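>>> Sequence and computational prediction follow.
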Amino acid sequence: MAKDTLLKRIRNRKGLSSYAVAKLLNEKGFQLDQSAYFRIEQGDRGAEIALADEIARMFGVKRDVIFNPDSFRAVSDEVIAEEAELEAKAS
């Protein structure tokens, strides 16, 4: 079963499917299919720094926010609300 990770929540908030993200990343020169992106999103596969930077840039967040061990645990609604509040303050 897929985990509801922070990266997945951010992607969903942007209205993108994992397929669409993989396609956009391919257009940027990264060779990645939907299943590879999904494994990154779930924390089952790492991402090299350039790829992690591009994913963070696409979603408008800092790499450290979405690519840290805690971000790949199942995320509660309270954590998402806190994250959204922090993002709003940073803008």
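Sure thing, it's come through.

>>> so where do the helices sit in this protein?
With DSSP state H applied, the chain shows helices at 6-13, 18-27, 34-42, 49-59, 63-66, 77-90, listed in chain order.

>>> For the fourth one, which outside residues touch it?
It refers to helix 49-59. Under the contact criterion C-beta atoms under 8 Å, 6 or more residues apart in numbering, helix 49-59 has outside partners 7, 10-11, 14, 21, 24-25, 28, 30, 32, 40, 47, 62-63, 65-67. Every residue, glycine included, has its C-beta placed from N, CA and C.

>>> tell me, what residue is most central in the protein?
The residue lying closest to the centre of the chain (C-alpha atoms, centre = their mean) is residue 7, at 3.0 Å.

>>> Distance of it relative to residue 89?
Here residue 7 is placed at a distance of 21 Å from residue 89 (C-beta to C-beta, to the nearest Å).

>>> swap in residue 44?
Distance, residue 44 to residue 89, by C-beta to C-beta: 32 Å.

>>> Show me which of the two is the more surrounded one.
Shown here are residue 44 and residue 89; by other C-beta atoms under 10 Å, residue 44 has more neighbours (11 against 7).

>>> so who does that one touch?
By C-beta under 8 Å, 6+ apart, no residues touch residue 44.

>>> got the phi/psi numbers for it?
Main-chain dihedrals, residue 44, degrees, to the nearest 10: phi -90, psi -10.

>>> Model confidence score at it, please.
At residue 44, the model reports a pLDDT of 89.

>>> Tell me the spacing between it and residue 27.
Between residue 44 and residue 27 the computed distance is 24 Å (C-beta to C-beta).

>>> What's the PyMOL line that selects buried ones from the contacts of helix 49-59?
Buried members of these, defined by 16 or more other C-beta atoms under 10 Å, are picked up in PyMOL with:
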select buried, resi 7+10+11+21+24+25+30+32+40+47+65+66+67
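
>>> okay, now residue 48: neighbour count?
The tally of other residues near residue 48 (other C-beta under 10 Å) stands at 9.

>>> And the pLDDT for it?
91.

>>> swap in residue 71?
At residue 71, the model reports a pLDDT of 64.

>>> just for the chain, where's the confidence low?
1, 69-81, 83, 91 (pLDDT under 70).
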